[in-house]
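Chemist: Model the following, please.
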Amino acid sequence: MELLNTLVSAVNNVLWSYVLIVMLVGLGLWFSFRTGFVQIRHLREMVRLVAEGATAKTKKGHISTFQAFCVSTASRVGVGNIAGIAIAVVVGGPGAVFWMWVIALLGAATGFVESTLAQIYKVPRRGGGFVGGPAYYIGNALGSRWGAWLFAVLISVTYGLIFNSVQANTMALSLKASFDVDPAWTGLGIAVLTGLVIFGGLNRIARVVGWMVPLMAGAYLLLAAVVTVMNITLVPEVLLLIVKSAFGVDAVTGAAFGMALMTGIKRGLFSNEAGMGSVPNAAATADASHPVKQGLVQALGVFVDTMFVCTASAMIVLLSPDWHSAQLTGIELTQHVLTGQLGAWTNTFMTVIVLFFAFSSIIGNYFYGEVNMDFISRRPTASWIFRGCVLVMVYFGSVASLNIVWNLADLFMALMAMLNLAAIALLGRYAFAAMKDYFKQRSEGVENPEFDPSVLPATRGIVCWPRKKDEEVN
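Modeler: You can find the predicted model right below:
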């Protein structure tokens, strides 16, 4: 087992350090230039669409643009946004935060392209609504059935089973440390709660995360804001430290430019998931009047994850004078800092936040697997078996040691990303054409642009457009 773990870790280092970073950063730059930096020029439109989706009504069985946004955010925003950022600062120095911002800026363009493509090539779902994602545009648009099936299997196993066991493990450890709760009881409780949500289908999941995500993210950002205001005079100094450390040797941690760069890029990519092929699975389920709407909404999700939640975690750590001398890392460092700033009550508060973040991630991760189970098998039995496996893995994750699981997850995720990045590189021109059509209509005063696939270079694999006249505009 140890040999297997070492081998998988070595393969991961090669894939993530060279192949994937080159592909992700390279395509992020290409999509940014090709779209005219849509993620910057149309930030106002992104915010408008999210606000519009939050109040919009949809047909029965359909998922709104805002609910799809919350599902993807639920999966993105997890314990890693707290513990992972603290680790990044300790390992790569404050400069890692700067490169995390850069990768988010580029990743937003990639996120826009992949989510727009997911909307273009979505398909009808049993019982109403839509499903889609990389498996669907790889299979239906590119015609690679084996590539599509492989992606569907990889994401279902990685997110639905492996990642969910890791999230359950985090919840069990947190409750054990704070309240001495037996992990077996925690596992049973998480499994029951998860079952109550996922056996209600995709629409129940969307409704649950629709209120959970704003609540948990809002509470954490409020806590970070309090810490920031308490140390407002140190903010300019911290920001200057982040920028200076990004381009030279950090005097505090000793982390050099290369370490800050690599740590920031990796942390940013793992956090916002742009280009990984996960978010498009949520984006495709939205009942939008134009594919570009959801592309813009999901691009904003990259900023919410990195610029707000991850930056909040970084500021909590860096605004403390003893963060570098505490000899702590991860969630322990964050809790140590908060205790020093606000008092011992924050230990309980952070435990609750960790539970919310982890549980919402379990729900969001399952959502991705459910969407792809429709591609693997159209038989309802397959989805029921998958749900049962998810509950078993949630319980298993609560009581087991998961060292090799993390390395296997990284490997599967790397393979997923490679498949997805190759696909969106080939199909990117269709997203560019859709974007041109959307903003042309907006410039002509159309409040809710409608998509006609005839504006694309080809229509192979498109089955849900144009929209039916009785479908409610969203």
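Chemist: So for residue 47, what's the nearest residue that isn't a sequence neighbour?
Modeler: residue 300 (6.8 Å; CB to CB, 6 or more residues apart in numbering). Every C-beta, even on glycine, is put in place using the N, C-alpha and C of the backbone.
Chemist: Checking that neighbour next. Helix, strand or coil?
Modeler: Secondary structure for residue 300, judged by DSSP: H, G, I helix; E, B strand; the rest coil, is helix.
Chemist: Who are the contact partners of it?
Modeler: Under the criterion of CB atoms under 8 Å, 6 or more residues apart in numbering, the neighbours of residue 300 are 43, 46, 47, 49, 50, 69, 108.
Chemist: May I see the PyMOL selection of the buried members of those?
Modeler: Selection command for PyMOL covering only the buried members of those, criterion 16 or more other CB atoms under 10 Å:
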select buried, resi 46+49+50+69+108
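Chemist: Can you give me the neighbour number for the closest residue to residue 168 other than its chain neighbours?
Modeler: Nearest non-adjacent residue to residue 168, counting by CB to CB, 6+ apart: residue 397, 3.7 Å away. Here the number of neighbours of residue 397 (other CB atoms under 10 Å) works out to 27.
Chemist: I'd assumed residue 161 was in contact with residue 397.
Modeler: No: in this structure, residue 397 is not within contact of residue 161 by CB atoms under 8 Å, at 9.2 Å.
Chemist: and stretch 115-132, how far apart are its ends?
Modeler: 10 Å (CA to CA, to the nearest Å).
Chemist: so where is the stretch 351-474 of the chain shaky, pLDDT-wise?
Modeler: In the predicted model, the stretch 351-474 of the chain carries pLDDT under 70 at residues 401-406, 469-474.
Chemist: which residues of it fall in helices?
Modeler: Assigned by DSSP state H, counting those that start in this stretch, the helices in the stretch 351-474 of the chain fall at 380-399, 403-443.
Chemist: For residue 274, which of those helices is the nearest?
Modeler: Among these, helix 403-443 comes nearest to residue 274, with 9.9 Å by CB to CB.
Chemist: angle of that closest one against helix 380-399?
Modeler: On the basis of axes from the mean of the first three to the mean of the last three CA atoms, to 10 degrees, helix 403-443 is oriented at 120 degrees to helix 380-399.
Chemist: and helix 403-443, how far out from the chain's middle?
Modeler: How far helix 403-443 lies from its chain's middle: 13 Å, per CA atoms, centre = their mean, to the nearest Å.
Chemist: got it, and stretch 18-33?
Modeler: Chain-centre distance of stretch 18-33: 18 Å, with CA atoms, centre = their mean.
Chemist: who's in contact with it?
Modeler: By CB under 8 Å, 6+ apart, the surrounding residues in contact with stretch 18-33 are 38-39, 103, 105-107, 109-110, 112-113, 262, 265-266, 269, 274-275, 414, 417-418, 421, 424-425, 428.
Chemist: For the residue nearest the centre of the chain, which non-adjacent residue is closest in space?
Modeler: Closest residue to the average C-alpha location of the chain: residue 76 at 2.7 Å, with CA atoms, centre = their mean. Excluding the flanking residues, the one nearest residue 76 by CB to CB, 6+ apart is residue 305, at 4.6 Å.
Chemist: ok, that neighbour - contacts?
Modeler: 73, 76, 77, 81, 104, 271, 272, 273.
Chemist: Then residue 320 would be within a helix, right?
Modeler: No: read with three-state DSSP, residue 320 is coil and lies in no helix.
Chemist: now the strand or helix carrying residue 88: mean pLDDT?
Modeler: If you go by DSSP states H and E, residue 88 is part of helix 83-92. Averaging pLDDT along helix 83-92 yields 80.
Chemist: what's the spacing between it and its chain's center?
Modeler: Computed by CA atoms, centre = their mean, the chain-centroid distance of helix 83-92 equals 18 Å.
Chemist: before we move on, the earlier item: adding secondary structure and distance to residue 176, write the contacts of residue 305 out as CSV.
Modeler: What follows is those, written out as CSV (DSSP: H, G, I helix; E, B strand; the rest coil; distance: CB to CB, whole Å):
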residue, secondary structure, distance to residue 176
73, helix, 28
76, helix, 26
77, coil, 23
81, helix, 22
104, helix, 33
271, helix, 26
272, helix, 30
273, coil, 29
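Chemist: which one among the residues you listed gets closest to residue 123?
Modeler: Using CB to CB, residue 273 comes nearest to residue 123 of the contacts of residue 305, at 22.4 Å.
Chemist: Surely the closest one and residue 74 touch.
Modeler: No: using CB under 8 Å, residue 273 is not in contact with residue 74; the gap is 11.8 Å.
Chemist: more neighbours, those two?
Modeler: Under the neighbour definition other CB under 10 Å, residue 273 and residue 74 were set side by side, and residue 74 has more, 29 against 24.
Chemist: Return the residues in contact with residue 260.
Modeler: Listed by CB under 8 Å, 6+ apart, the contact set of residue 260 reads 92, 93, 95, 96, 98, 99, 245, 246, 250.
Chemist: Was I right to think the first one contacts residue 259?
Modeler: Yes: the pair formed by residue 92 and residue 259 meets the contact definition of CB under 8 Å, at 5.1 Å.
Chemist: more crowded one of the two?
Modeler: The neighbour comparison of residue 92 against residue 259 (other CB under 10 Å) goes to residue 92, with 29 against 18.
Chemist: Quick check: which element contains the closest residue to that one other than its chain neighbours?
Modeler: Leaving aside its chain neighbours, residue 92 sits nearest to residue 263 (2.8 Å; criterion: CB to CB, 6+ apart). Assigned by DSSP H and E, residue 263 belongs to helix 257-272.
Chemist: avg pLDDT for that helix?
Modeler: The model assigns helix 257-272 a mean pLDDT of 75.
Chemist: Flag every buried residue along it.
Modeler: Buried, per 16+ other CB under 10 Å, within helix 257-272: 257, 259-272.
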